[in-house]
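>>> quick check, what structure comes out for this input:
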Amino acid sequence: MTETALDIALSLQSALGKIVSLSPVAVNATREDKSGHVSSSAPLAVVTPTTIEEVQALMRFASEHSIPVVTRGAGTGLAGGAIAGGGEIVLSTMKLNTIVEISTVDELAVVGPGVINGDLNDALRPLGYWFAPDPASRAISSIGGNIATNAGGLLCAKYGVTREAVIGLSVVLADGRLITTGHRTVKGVTGLDLTALMVGSEGTLGVIVEATVRLRPLPQGTVSTIGAFFPTAEAAARAASVISASGTRPALMELLDPQAMGTISRWLGVPVRDEAFLLVQTDGLGAHDEASAALTTIRTLGGEAELTLDEAHSEELLALRRSFHPAMAANGTVLIEDVCVPRSALPAMFSAIDDIAARFDVTIATVAHAGDGNLHPNFVFDGDEIPEKVWDAAHEMFLTALRLGGTLTGEHGVGILKKRWIEQELGTVQLELQKDIKKVFDPLGILNPGKVF
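Model (predicted):
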């Protein structure tokens, strides 16, 4: 840390007091997230506010001194969106973790950004309600981080992504001013929808300090689960596409390719068929009828499947899906990717991934939220540095997703990982327009600089 940087850090500590940490352990912990990327140097300090007023004071200090601020939640991101480096201040939201209000009458909750997704649902379950967005990291990821990346998850094909569950926000702007967006009503179209704009903005437009989120009644009825094997991922994807097109809306429809299933089998130490696996689960009233229709489709299209109403057996099938990420991590260093294509293009995308893996001689195991066309190809390699051929293969994969009418990221965000490709999706005019919007909210460019744009 240079003398000038130290002076700034000490001045910050003097201004804001004990919420400022200069501890090497604290600051170095913010140099990375779950993406595997690590910044080249440590930030100035970590500030952990406990009140909205403290967030405002920090942003006024940062604006006055033109110091970049990186807002960070639980650090579970997969695109490098909350990694901090030299000359930056980290604003941790993890002590803004109060569940302010739960209203079952209006089916909403007001929460701080540091509230853990799973903790909110633990509080809601006895009341017969739940918060639907369910990223795989829900047990450890924060609501603020879910909002910043517009997180999805296994259930979003039926229940929606985070944007659809957020109806209002309190946001501290770059200069410390506080705004409240959205509403508590079912309807509301006054002015531009700044709530939707903030969701998925990855900390580049403001600091989310409170969120009003939509709740849902817990699904009623019996849960039905199907486990199906297909010779290829392309065949399984075709079945998933047909199920979606039929009007059936499974709560969960996950697809693991043969490479993934082979790795899971070795990691678990149990025999698992080295074929593509399609997991379908229906819930709510009419769940069994929907599952029966899906089962017929699967068998008609060549899948070997079983349907169960037994909760323990369902958990055994779900355990295969939950084993994916730990099995990959045990097999080498993993680059977890995130592309999304129209559901009708899912078979073509799986076929393309197989071709790309062969052409570039890289190992790719893929899991997909087949209900919404969101694929997570996992590149597995040895060592800490991502080989150039992996980046070359990823480049081809991103372009293929765009050619198929898809997007670079379904739920992880752009962060630093996908900046180089963003113009190819948005186009020059839209990218410049988005940069102009950022300048309106952040004229000094101090909010999460170097990310997304």
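
>>> got a list of what residue 89 touches?
With contacts taken as CB atoms under 8 Å, 6 or more residues apart in numbering, residue 89 has the following neighbours: 12, 43, 44, 45, 46, 47, 58, 62, 67, 68, 69, 70. C-betas here are computed from N, CA, C, even on glycine.

>>> one more time with 10 Å
8-9, 12, 20, 27, 30, 43-47, 58-59, 61-62, 65, 67-71, 446 (CB atoms under 10 Å, 6 or more residues apart in numbering).

>>> let me know how buried the closest residue in space to residue 406 that isn't next to it in sequence is, in neighbour terms.
Counting by CB to CB, 6 or more residues apart in numbering, residue 406 lies nearest to residue 341, which is 3.5 Å off, once chain neighbours are set aside. When counting by other CB atoms under 10 Å, one arrives at 27 neighbours for residue 341.

>>> mind listing what residue 341 touches?
By CB under 10 Å, 6+ apart, residue 341 lies in contact with 237, 347-350, 352, 368, 372-375, 400-407, 410.

>>> from these, list just the buried residues.
Among those, those buried by neighbour count (16 or more other CB atoms under 10 Å) are 237, 347-350, 352, 368, 372-375, 400-402, 404, 406-407, 410.

>>> what's stretch 286-298 in contact with?
Among residues not part of stretch 286-298, those counted as contacts by CB under 10 Å, 6+ apart are 219-230, 236, 238-240, 242-251, 253, 278, 280-284, 303-309.

>>> mark which of those are part of helices, please.
Cross-referencing the contacts of stretch 286-298 with the helices (criterion: DSSP state H) gives 236, 238, 239, 240, 242, 243, 244, 245 as the overlap.

>>> low-confidence stretches in the chain?
1-3 (pLDDT under 70).

>>> tell me the domain ranges of it?
For the chain, automatic domain parsing gives the domain ranges 3-92, 99-217, 224-403.

>>> export the ones you listed to TSV and append columns for distance to residue 421.
Converted to TSV, the domains of the chain look like this (distance: least, CB to CB, whole Å):
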stretch	distance to residue 421
domain 3-92	12
domain 99-217	15
domain 224-403	5
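
>>> minimum distance to residue 419: which of these has it?
With respect to residue 419, and counting by CB to CB, the nearest of the domains of the chain is domain 3-92 at 9.2 Å.

>>> hang on, the earlier thing: helices - which of the contacts of residue 341 land there?
Secondary structure defined by DSSP H assigns 237, 347, 348, 349, 350, 352, 400, 401, 402, 403 of those to helices.

>>> how about the first one, what does it touch?
Spelled out, that is residue 237. When contacts are counted by CB under 10 Å, 6+ apart, residue 237 touches 230, 255, 257, 276, 278, 341, 343-351, 366, 368, 370, 373, 375.

>>> try 8 Å this time
For residue 237, the contact set (CB under 8 Å, 6+ apart) comprises 255, 346, 347, 349, 350, 368, 370.

>>> how about CSV for those residues, with distance to residue 315 added?
Written out in CSV, the entries for those read as follows (distance: CB to CB, whole Å):
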residue, distance to residue 315
255, 19
346, 26
347, 29
349, 29
350, 27
368, 21
370, 20
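
>>> out of the residues you listed, which comes closest to residue 392?
residue 349 (18.0 Å).

>>> just checking, residue 450 touches residue 414?
No - counting by CB atoms under 8 Å, residue 414 is not a contact partner of residue 450; they are 11.2 Å apart.

>>> I'd like the distance between the closest residue to residue 136 other than its chain neighbours and residue 39.
Nearest-residue entry for residue 136: residue 153, 6.4 Å, with adjacent residues in sequence omitted and distances by CB to CB, 6+ apart. As defined by CB to CB, to the nearest Å, residue 153 lies at a distance of 28 Å from residue 39.

>>> which residue comes closest to residue 344 once chain neighbours are left out?
Nearest residue to residue 344 in three dimensions, chain neighbours excluded: residue 241, at 5.6 Å (CB to CB, 6+ apart).

>>> tell me if I'm right that that neighbour and residue 346 touch.
Yes - using CB under 8 Å, residue 241 makes contact with residue 346 at a distance of 5.4 Å.

>>> excluding sequence neighbours, find me the nearest residue to residue 262.
With CB to CB, 6+ apart as the criterion, residue 262 has its nearest non-adjacent residue at 4.7 Å, and that residue is residue 274.

>>> so who does that neighbour touch?
Residue 274 sits in contact with 258, 261, 262, 265, where contact means CB under 8 Å, 6+ apart.

>>> from the chain's centre, how far out does whatever helix or strand the last one lives in sit?
Taking DSSP states H and E as the criterion, the element that holds residue 265 is helix 258-268. The chain centre lies 24 Å from the centre of helix 258-268; the measure is CA atoms, centre = their mean, to the nearest Å.
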